[in-house]
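> predicted model and sequence below, questions to follow.
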Amino acid sequence: MILGTHVYPAKGAAGDRMRRALDSWTALPGVRLINLQFAGDPAPVTYPGFETHPVLRQDSRTVSGVDGPRKPIVSELLECLVERAVADGLPYAGFSNADIVVTPSAIERVARGTDEVVIFSRMGLDPETGAAVGEYVSGQDTLFVTPAAFRRLRPRLRPYVVGEMPWDIIYTSIFLTHARAALVNRGDDCRHVDHDIIWLDSPFAPHAWRLAYMDWTYFARWYRYSFPAVEMRRAGAPAAEEDELRDRVFGPLTVRERAATAYRVLRDVWQHRLLRRRR
């Protein structure tokens, strides 16, 4: 299968986290590692053991219209990785943030299943001791998707920026609603060293929340699942009870949900047309 990311020029503690994570990927069995970089970049970042493909044409600046760090767009990353999987005849294309330790057990979980999508929540690690501090239920930084499922759902995947909220929970909600998807949010198949949140003051936050407004149905579905799920875990409820909750929440969209989503999209289009006319 394909597993890809965007390797960036991180320094200090961030660079250490990324190196530990990417080094773990190079030991994964049966995985082709892809590093997606921006097209036309005169000095793309490379990494040992990864194929570097400078094919990305969108970025955080072009989709948001504001200045800031140049970051990839999640939907384009997935699209490029799916194209590589199709070209090589591989069943899954995977994406993960570059600071996530992906374990062989995660790859085995994907390979032995029959799911169209497999999504992993991360296990948080203490930055000083490396000890596990608990699953981060609302942190899905790693996913694998079949090309057929991605193509079917591609029109629903808006251009969220990597490393910004709330692409992970919204994409997860979309996949759980519209695909045969597995959410793996128990255990430490994917691990992440905890660090300070860096997206709260991001210049791209308005863009992210504009997209989230259009995707509010999926955003709301996620929190109707995740808040009760966390309380169930605190109360020691069995995993099967949590699974039943997830299946109830992520059933087919209701007529009301479809209508509300259509209204939000149309309202966004109308508002942006007005803004352009005023300018």
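Okay, I see it.
> CA only for contacts and neighbour counts going forward, please
Will do.
> elements contacting the one helix or strand residue 267 maps to?
Per DSSP states H and E, residue 267 falls inside helix 255-278. Helix 255-278 sits against helix 205-214, helix 216-234, with contacts defined as 3 or more Cα pairs under 8 Å, 6 or more residues apart in numbering; DSSP states H and E.
> now the strands for this structure?
Applying DSSP state E to the chain gives strands spanning 2-5, 32-38, 51-56, 93-96, 101-102, 117-125, 132-145, 181-184, 190-193.
> note down every partner strand of the longest one and its orientation.
Translated: strand 132-145. Take DSSP bridges as the rule and strand 132-145 pairs in its sheet with strand 93-96 (antiparallel), strand 117-125 (antiparallel).
> which residues touch the last one?
What it means is strand 117-125. Contact with strand 117-125 is made by 100, 110, 131-146, 149, 172, 175, 179-194, as judged by Cα atoms under 8 Å, 6 or more residues apart in numbering.
> go on, the shortest one?
Outside of strand 93-96, the residues within contact range by Cα under 8 Å, 6+ apart are 1-5, 77-78, 81-82, 84-85, 141-147.
> let's go with 6 Å and repeat that
Residues outside strand 93-96 that contact it (Cα atoms under 6 Å, 6 or more residues apart in numbering) are 2-5, 81-82, 85, 141-145.
> now the nearest residue to residue 61 once chain neighbours are set aside. Its backbone dihedrals?
Nearest non-adjacent residue to residue 61, counting by Cα to Cα, 6 or more residues apart in numbering: residue 67, 5.7 Å away. Main-chain dihedrals, residue 67, degrees, to the nearest 10: phi -80, psi 160.
> in contact with residue 193, which residues?
124-125, 127.
> okay, and the beta partners of it?
For residue 193, the beta-bridge partners under DSSP bridges are residue 125.
> now do the buried residues in stretch 91-110.
Within stretch 91-110, the residues that count as buried by 16 or more other Cα atoms under 10 Å are 91-104, 106-107, 110.
> likewise stretch 114-125?
Result for stretch 114-125 [16+ other Cα under 10 Å]: buried residues 115-125.
> likewise stretch 226-245?
Quick answer for stretch 226-245 (16+ other Cα under 10 Å): 226, 229-230, 242, 245.
> about what we covered before: burial count for the residue nearest to residue 61?
11 (other Cα atoms under 10 Å).
> how near is it to residue 74?
Per Cα to Cα, to the nearest Å, residue 67 is found 18 Å from residue 74.
> what does residue 43 give?
22 Å.
> between these two, which one's more packed in?
Neighbour count, other Cα under 10 Å: between residue 43 and residue 74, residue 74 has more, with 23 against 9.
> residue contacts, the more buried one?
Contact analysis of residue 74 by Cα under 6 Å, 6+ apart lists 160-162.
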